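**Student:** Have a look at this fold, sequence not included:
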């Protein structure tokens, strides 16, 4: 299952969440969040559900609908790791 990295990053920016803060809320290691955002790893369904809840999104908004890494690239530079 691919995730919509761009949408996640925008939601993180809207809520002023860093990777570190999101990881703390989700009770995962920051490298787990980084992996999801850079796409070498994929979250499990339970993680997608929790991520949607934390970010105020639906699971449908989290699941990718064909967006490319390039489209998500501009948001990446704005999300800073703590």
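**Tutor:** Right, received. Where do you want to start? The shown structure was predicted, so the numbers you read here are calculated from the model rather than taken from an experiment.
**Student:** Low-confidence ranges, the chain, go.
**Tutor:** The model of the chain has pLDDT under 70 over residues 65-82.
**Student:** From the opening residue of stretch 4-22 to its closing one, how far?
**Tutor:** End-to-end span of stretch 4-22 (CA to CA, to the nearest Å): 16 Å.
**Student:** Return the set of buried residues in it.
**Tutor:** 4-12, 17, 19, 21-22 (16 or more other CB atoms under 10 Å). From N, CA and C alone the C-beta is placed, and that goes for glycine too.
**Student:** How far away from the center of its chain is that stretch?
**Tutor:** The chain centroid and the centroid of stretch 4-22 are separated by 6 Å under CA atoms, centre = their mean, to the nearest Å.
**Student:** Of the buried residues of stretch 4-22, which is the nearest to residue 61?
**Tutor:** Set against residue 61, the nearest of the buried residues of stretch 4-22 by CB to CB is residue 7 (5.5 Å).
**Student:** Wait, that closest one touches residue 59, no?
**Tutor:** No: with contact defined as CB atoms under 8 Å, residue 7 does not count as touching residue 59 (11.4 Å).
**Student:** just to revisit the earlier point, make a markdown table from the buried residues of stretch 4-22 and add secondary structure and distance to residue 38 to it.
**Tutor:** Below are those laid out as a markdown table (DSSP: H, G, I helix; E, B strand; the rest coil; distance: CB to CB, whole Å):
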| residue | secondary structure | distance to residue 38 |
| --- | --- | --- |
| 4 | coil | 14 |
| 5 | helix | 8 |
| 6 | helix | 13 |
| 7 | helix | 15 |
| 8 | helix | 12 |
| 9 | helix | 11 |
| 10 | helix | 16 |
| 11 | helix | 17 |
| 12 | helix | 14 |
| 17 | coil | 17 |
| 19 | helix | 10 |
| 21 | helix | 18 |
| 22 | helix | 14 |
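**Student:** Which of the helices or strands spans residue 35?
**Tutor:** Taking DSSP states H and E as the criterion, residue 35 maps to helix 30-38.
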